[in-house]
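Visitor: I would like the atomic coordinates for the input below:
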Amino acid sequence: MLERGPSGSVPRRLPFQHRKPFFAFSAGTYNPDVPSEPTQSRNSSHPRVLGLDVGSKRIGLAISDLLGITAQGLDTIHRQNKRLDFEQLEKVIREYEVTEIVVGYPLRMSGTEGIQAEKMQRFAEELRQRCQLPVHLWDERLSSAQANRLLRETEMSIKRRGQVVDQMAAVLILQSWMDAKDSR
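Guide: Got it, this is the predicted structure:
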């Protein structure tokens with residue numbers, strides 16, 4: 001996406017977080033037992049939402065900005081075991097005073113659930129129980145593919161792209177969830 005520069009004549013690329021996704025997600029939550037409306041934060045001037053792209057080796061993280069407009073990438077968690085993975089997530093949740101969590105929900109292209117979707121339901125439920133926060137499952141179809149496509153457009157090395165693709169996917173998941181909430 002291009003925007004006019006300060007002189008008004010030289011176009012420049014907008015930072016990633018200001019671009020609109022190339023594809024649409026459904027506007028509902030996949031967890032009917034959890035309210036879709038944000039909860040009040042302990043510090044109500046800083047309600048934050050955490051986005052997760054959970055894989056078998058890494059968990060990509062993204063956090064909403066203080067205004068709840070854009071998703072910003074955080075360092076990726078390299079999975080070790082369940083206990084350590086949840087400890088690292090809980091540390092991020094405390095540090096950013098997270099009030100809600102959005103977990104990528106890997107549906108099949110047909111929109112049906114498969115084995116991976118069932119794993120994410122269990123993961124989301126355990127996260128909900130441990131952190132006592134609303135956890136939303138959000139359609140992540142094509143988020144990793146889109147992240148790879150966007151990263152290929154940069155001049156980033158293949159090795160570096162591999163290091164940030166999970167973070168970028170988490171940003172896309174969280175941003176699409178926030179955009180859908182704003183459009184309601």
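Visitor: Any idea what residue 52 is bridged to?
Guide: On the basis of DSSP bridges, residue 52 is bridged to residue 61, residue 103.
Visitor: Surely residue 86 is within a strand?
Guide: No: counting by DSSP: H, G, I helix; E, B strand; the rest coil, residue 86 falls outside a strand, being helix.
Visitor: can you tell me which residues contact it?
Guide: 126, 127, 130 (CB atoms under 8 Å, 6 or more residues apart in numbering). For every residue, glycine as well, the C-beta is placed using N, CA and C.
Visitor: After the helix or strand hosting the last one, heading C-terminal, what element do we hit next?
Guide: Translated: residue 130. Per DSSP states H and E: residue 130 is located in helix 115-131. As assigned by DSSP H and E, the chain's next helix or strand after helix 115-131 is strand 135-139.
Visitor: Alpha carbons of that following strand, in CSV - could you do that?
Guide: Output in CSV follows, covering the C-alpha atoms of strand 135-139 (Å, rounded to 0.1, in the frame of the first residue of the first chain):
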residue,chain,number,x,y,z
VAL,A,135,-9.8,-17.0,24.8
HIS,A,136,-11.1,-16.7,21.3
LEU,A,137,-10.4,-19.2,18.5
TRP,A,138,-10.1,-17.3,15.2
ASP,A,139,-10.0,-18.7,11.7
